[in-house]
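Asks: Build the 3D model from these lines:
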Amino acid sequence: MTAYAIAHLREITPHAEIAEYIERITATFEPYGGRFLVHGREHETVEGGWAGAVVMIGFPGIDEARQWWDSPAYQEIAPLRSRHIKGDIILVEGVDEGYDPATTAKALRDSLPS
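Replies: The predicted structure is shown next:
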């Protein structure tokens, strides 16, 4: 099942270390089957607040996403980003092929008090 690393980068202070991080990051996730899905694109906020930038990397599965995050190669370059960008990063699994949200709605209804 596909998994994603999603970053919501809110406070970005331009710095040469960020350029170096961007130059090096692809080599850290490619061995785990990762690829950029969203990077350096403008976004449109249609509800709520979402100031900043969005980055999304897709992986074949959650294990590969975790292995990338924990890898020595990524951990070596992570400070280049974290010293100059404040934000949140999550790893999340996608849904199975054929996912039916009606099943989730039924489980929710069944769990509600009568």
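Asks: For Glu11, give me the backbone phi and psi.
Replies: Main-chain dihedrals, Glu11, degrees, to the nearest 10: phi -120, psi 110.
Asks: Tell me the bridge partners for it.
Replies: Under DSSP bridges, the beta-bridge partners of Glu11 are Lys86.
Asks: Pull the number of nearby residues for it.
Replies: 10 (other CB atoms under 10 Å). For every residue, glycine as well, the C-beta is placed using N, CA and C.
Asks: Show me what the mean pLDDT comes to for the helix ranked longest in the chain.
Replies: Using DSSP state H to define each element, the chain has its longest helix at helix 16-29. Helix 16-29 shows a mean pLDDT of 98.
Asks: Identify the residues contacting it?
Replies: Helix 16-29 is contacted from outside by 5, 12, 35-36, 57, 59, 68, 71, 73-74, 77, 80-81, 83-85, using CB atoms under 8 Å, 6 or more residues apart in numbering.
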